[in-house]
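Engineer: I'd like to go over a predicted model; first the sequence, then the structure.
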Amino acid sequence: MYVLVILVLLGAGAALITRGMWMRKRLPIAAGALLVVSTLAFFGFLSFWGEYLWFAELGYTARFWKVTLARLISALVAAALGGLVVFLLTLPARSRGARRIPTLLGAALGAIWGFFGWAVILRFLERAPTELRDPVLGRSTSFYLFSLPFHDAVYFLLWALALFALAGAAVDAGLVPVRRRVRYPAPEHAAAPPAEHAAAPPAEHAAAPAVAGSAADAAPAGAARYRALFFSLGALALVVAWGRWLAAYHLMYSEWGVVVGPGWTDVHVRLPATRIVAVIAALVGFALFLPPVQRALYRLAAGERGPGRRTVAGLAALPALLVAAPWALGMFVLPLLFQWLKVVPNELALERPYLAHNIAFTRAGFRLHDVEVTEFPVSDRLTRETLANNQDLLSEVRLWDPRALDAVLHQFQAIRLYYDIPGIDIDRYTVGDRYRQVMLAPRELSAENLPSEHQTFVNRRFKYTHGHGVAMASAHDFTHDGQPNLLVKDIPPVSVSPELAVERPEIYYGATTHGYVVANSREPEFDHPSGSENVYTRYAGTGGIALEGFFRKLLFGWKLGGTSFLVSGIPTDDSRVMFRREVRERVGAIAPFLALDRDPYIVVAGGRLHWIVDAYTTSSYYPYSESFFSAEDTGMNGGHALGDAGGRAGFTHHLRHANYARNSVKAVVDAYDGSVRLYVFEPEDPIIQVYSRIFPGLLLPREEMPAELRAHVRYPEDFLLAQGLVYAKYHMRDPEVFYNQEDLWTRATEKYYEEVQPVEPYYVMWKPPGDGRPEFTLILPFTPKNRQVLIGWIAGMSDGDNYGRMLAYKFPKETRVLGTQQMDTKIDQDPVLSAQLSLWSQRGQKVIRGNALVIPVEDTLLYVEPIFLQADTAAYPELRVVVVMHGDRMSYASSLDAALRGLVEGEPPPTPAVAGLPGVPEAPGGPSVTDGLAQRANGAFASYLRLLGERRFHEAATELEALSRTLEELQRPSALLDER
């Protein structure tokens, strides 16, 4: 209906305008124009006011008006300046059209430029100083982050304005043919007008000056005729000069040398050439404003032929040639020659200082200059004492794989088909007196999962409005049947500890919650299922916007729901309409200047549910710094692209092309009322300092975040991955080593879900040297390029005062440290385990290989990999085997503790447990007949698996027959009698 009303009103306005033009009456034209403008203004005002109400609900009216006024003022000022510049340049033009149309275009372009460029303008006006300066031009990084983007934007605007003026001047000078009104001849019987009254062509379009004499005598008048063209060309030359002056600063991103940033050729050839071209262009521009120069150019262009279109083309070509020739020579020809003849034969010697600049600034751009580098000794000793002293760490090793747990929770904790579990988050909580690593997932509502016949307007907008609670599992524990140990489960949420109690479990705002809903309407609002019945609720929070009357209903019908919303009798004045419920969209609307992490995570704190979203400040203007490209863009290492094969699907977009990044802000969104708070965690970041000046009160200091939320802040995975892929190359600080790429790292690989892929950053509990308690730490291991042994790892710390610390551990190069891929290879080569995995795969079960984790334990490394089984008839996997490895020793069992005992005690792997055979308890009096039979069965089964792995199928069949006979003996009553 809204669209129909708009079309009717616009159609009526157009009809009035057409009628007025036909009848040549101003009143209908004015009435029609007023109707059209009023219609557009009214519905535009509805959209504008709806936005204001949304910001007011969140308490950010100051932020709303700051941006609104900034856009309005910058658009008006830029429109005035754009129109004025073009008007002044075309003022000498004789044709009104050559002045009016370019001026209007200039004003329109200025308005658009100012409206969309408000952020660049405000960043320039509120720029923050920095101390670090580039080593070539001596400009601070603040100039590159805030001033240069503004100068570039102004340069683009002036270039376009000069072109508009030049186009108008060209039309006025006759270079561009314009269709003119044609006068038809009078009828044959009409008398011809006297010859002396015949219409003469307008003087302004004459092909030659009216002054008789030679071309030289006519030069002053002819040159004056093309004055607008001279002015426009002069202005364009001055714009080019300024652009060439700015181009010197853009050499900070040059790719002519071996790295990003100015190299020898840039500094010694291209930089002087850029300055020279800028001076030449400026001289040409100023000269074109001088009448003597204009007359001289006119004589040169017109020659003996006199004025014409060729004259106009010549007037434009001559100044362009004066600038283009030195430009091509100095910026391309000479640099190529110097690069070929001087630099390439002596590249390392000449480029060494510039390599050092690039290394230093790239490390600063990604905060790698703060990395604490230590050599990790990698001891080959793992003893019972080591395990005993680190039980608090080993008891929190993550055994559950996120994908496996996600499948289990979907099966057992989704509860109803309209609930969805969007993903698994990894965090840590204090449960009782134990600091635990946990995995949790929200239970969001997805109305799309309802049967199609129940996806009605009422159900989607008024009844099914919110998700409910979370499921939380220990990252380490599992039950005897291979299922997770749930710490929070079911609906309503049941918690094993008061610290995990969820008193307000409703999720109105979520990671995958899209579309608007209306709470507190006449329709009962579904809360959660209870057996075969449903429990309903009424919203008690402050989230959303109160409808309060017909106007707001009309407003939100236009903005959100259309006619169905407007005519529905379900909303009341007490109803609250909620939109922008997806947390990333919500934060992004408030702070569009931040790049948001792709993975918000949910937190249980104070009995409520909160979302934490990591937010980044980024720039592609950091001098001498190499840009980061994810593997999704490049798929390779090398050149000027930082990255490696594989990568996180949906890697944060704004980090891909940045050469400066900081994880400066943590956004917190309440899942119940949708309130948003932004906390600054890197106050030294100059970009966040500027936005703190632009929006006072929007960005809160870190200390104001509640302690119960601050305990769950974590080092973000995407940020560590970006830093790690840069560090893989830029840990080499010696220019010669860097030039030869002698120590290039790549991410370690693993066999995950039967596919080899790069290891993603993973959270572990880890005791840093000198600290007494485990800390929640994010780790990413690396290998040398084209090798599988580990060379080092980087870590981002998350707890307390250590938050934000980045550590890098390098392994001794003379020590062989197995990589995660080698652990998978060792599993595949173990005759017993690989045979068992093959046997399971043949019995209608799917073997799932979880993440291979490298766990630092004191001064050594422990490797852990869980293996899951999933029956073809089941929708979820079960944890069956835990494989551990230390050095070349490997052990596996049905639990981590048992596998570790086998590792340090040197016992053979407990094959019966792995195979799933029923264990027989040992008799109190010592060995028995049953024990002997069990040992014989164990040996037969181990031999069978070994022979099967060696493909000695005939001998394996013999051992299988022996195993079958032994099992039959175990089942005989005589064996049981012997036990008595």
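Structural biologist: Cool, the structure landed.
Engineer: and Ala30, how many neighbours?
Structural biologist: 13 (other Cβ atoms under 10 Å). Where you see a C-beta, it was placed from the backbone N, CA and C, and this is true even at glycine.
Engineer: again, but for Asp392
Structural biologist: Neighbours of Asp392 (other Cβ under 10 Å): 14.
Engineer: unless I'm mixing things up, it is touching Tyr435, no?
Structural biologist: Yes - counting by Cβ atoms under 8 Å, Asp392 does reach Tyr435; the two are 7.4 Å apart.
Engineer: wait, what's in contact with Tyr52?
Structural biologist: Listed by Cβ atoms under 8 Å, 6 or more residues apart in numbering, the contact partners of Tyr52 are Thr61, Phe64.
Engineer: List the buried residues in the strand or helix carrying it.
Structural biologist: According to DSSP states H and E, Tyr52 maps onto helix 26-58. Buried residues in helix 26-58, counted by 16 or more other Cβ atoms under 10 Å: 28-29, 31-32, 35-36, 39, 43, 46, 50, 53-55, 57-58.
Engineer: Report the beta-bridge partner residues of the residue nearest to Arg747 when sequence neighbours are not counted.
Structural biologist: Among residues not flanking Arg747 along the chain, Pro758 sits closest, at 4.1 Å (Cβ to Cβ, 6 or more residues apart in numbering). Pro758 has these beta-bridge partners by DSSP bridges: Thr749.
Engineer: Pro758 - how many residues pack around it?
Structural biologist: Considering only other Cβ under 10 Å, Pro758 is surrounded by 20 other residues.
Engineer: my guess is it meets Trp745, correct?
Structural biologist: No - using Cβ under 8 Å, Pro758 is not in contact with Trp745; the gap is 11.8 Å.
Engineer: Quick check: Ala247 touching Thr274?
Structural biologist: Yes - at 5.1 Å, Ala247 counts as touching Thr274 under the criterion of Cβ under 8 Å.
Engineer: And those two? Which one has more around it.
Structural biologist: Legend: neighbour count by other Cβ under 10 Å for Ala247 and Thr274, higher for Thr274 (23 against 19).
Engineer: now that one: how far from Glu858?
Structural biologist: Computed as Cβ to Cβ, to the nearest Å, the Thr274 to Glu858 distance reads 57 Å.
Engineer: coming back round to it: helix or strand next in line after the helix holding Tyr52, which one?
Structural biologist: Using DSSP H and E, the helix or strand that directly follows helix 26-58 along the chain is helix 61-90.
Engineer: quick one: buried residues of that next one?
Structural biologist: Here helix 61-90 shows 63-64, 66-67, 70-71, 74-75, 78-79, 81-83, 85-87, 89-90 as buried, counting by 16+ other Cβ under 10 Å.
Engineer: now swap in stretch 373-392 and tell me
Structural biologist: Phe376, Val378, Leu382, Thr386, Leu387, Asn390.
Engineer: Quick check: closest non-adjacent residue to Pro774.
Structural biologist: Met765 (3.9 Å).
Engineer: Next, that neighbour: phi, psi?
Structural biologist: Main-chain dihedrals, Met765, degrees, to the nearest 10: phi -90, psi 130.
Engineer: List the residues that contact it.
Structural biologist: By Cβ under 8 Å, 6+ apart, the contact list for Met765 reads Asp392, Leu393, Glu396, Val397, Arg428, Tyr435, Gln437, Pro774, Glu775, Phe776, Thr777.
Engineer: distance of the residue nearest to Arg747 from Leu721?
Structural biologist: Applying Cβ to Cβ, the value for Pro758 to Leu721 is 9 Å.
Engineer: isn't Gly82 right up against Leu161?
Structural biologist: Yes - at 5.6 Å, Gly82 counts as touching Leu161 under the criterion of Cβ under 8 Å.
Engineer: Overlap in contacts, those two.
Structural biologist: Gly106, Leu109, Gly110.
Engineer: Identify the residues contacting the last one.
Structural biologist: By Cβ under 8 Å, 6+ apart, Gly110 lies in contact with Ala75, Ala78, Ala79, Ala80, Leu81, Gly82, Gly83, Leu157, Leu161.
Engineer: which SSE is it in?
Structural biologist: helix 96-116.
Engineer: Distance from that helix to the middle of the chain?
Structural biologist: Chain-centre distance of helix 96-116: 35 Å, with Cα atoms, centre = their mean, to the nearest Å.
Engineer: what residues does the next helix or strand after that helix touch?
Structural biologist: Downstream of helix 96-116, the first helix or strand assigned by DSSP H and E is helix 118-125. The contact list for helix 118-125 (Cβ under 8 Å, 6+ apart) reads 67, 70-71, 74, 114, 146-147, 149-150, 153, 592-593, 690, 694.
Engineer: distance between the helix holding Tyr52 and the chain's centre?
Structural biologist: 35 Å.
Engineer: Surely Pro505 and Pro492 touch.
Structural biologist: Yes - using Cβ under 8 Å, Pro505 is in contact with Pro492, at 6.5 Å.
Engineer: Mind checking which of those two has more residues around it?
Structural biologist: Set Pro505 next to Pro492 and count neighbours by other Cβ under 10 Å: Pro505 wins out with 25 against 13.
Engineer: For the more buried one, give me phi and psi.
Structural biologist: phi -80, psi -10.
Engineer: Contacts only, for the closest residue to it other than its chain neighbours.
Structural biologist: Leaving aside its sequence neighbours, Pro505 sits nearest to Gly469 (Cβ to Cβ, 6+ apart; 3.8 Å). Each residue near Gly469 by Cβ under 8 Å, 6+ apart is listed here: Pro442, Arg443, Val488, Ile491, Pro492, Pro493, Val502, Pro505, Ile507, Leu609.
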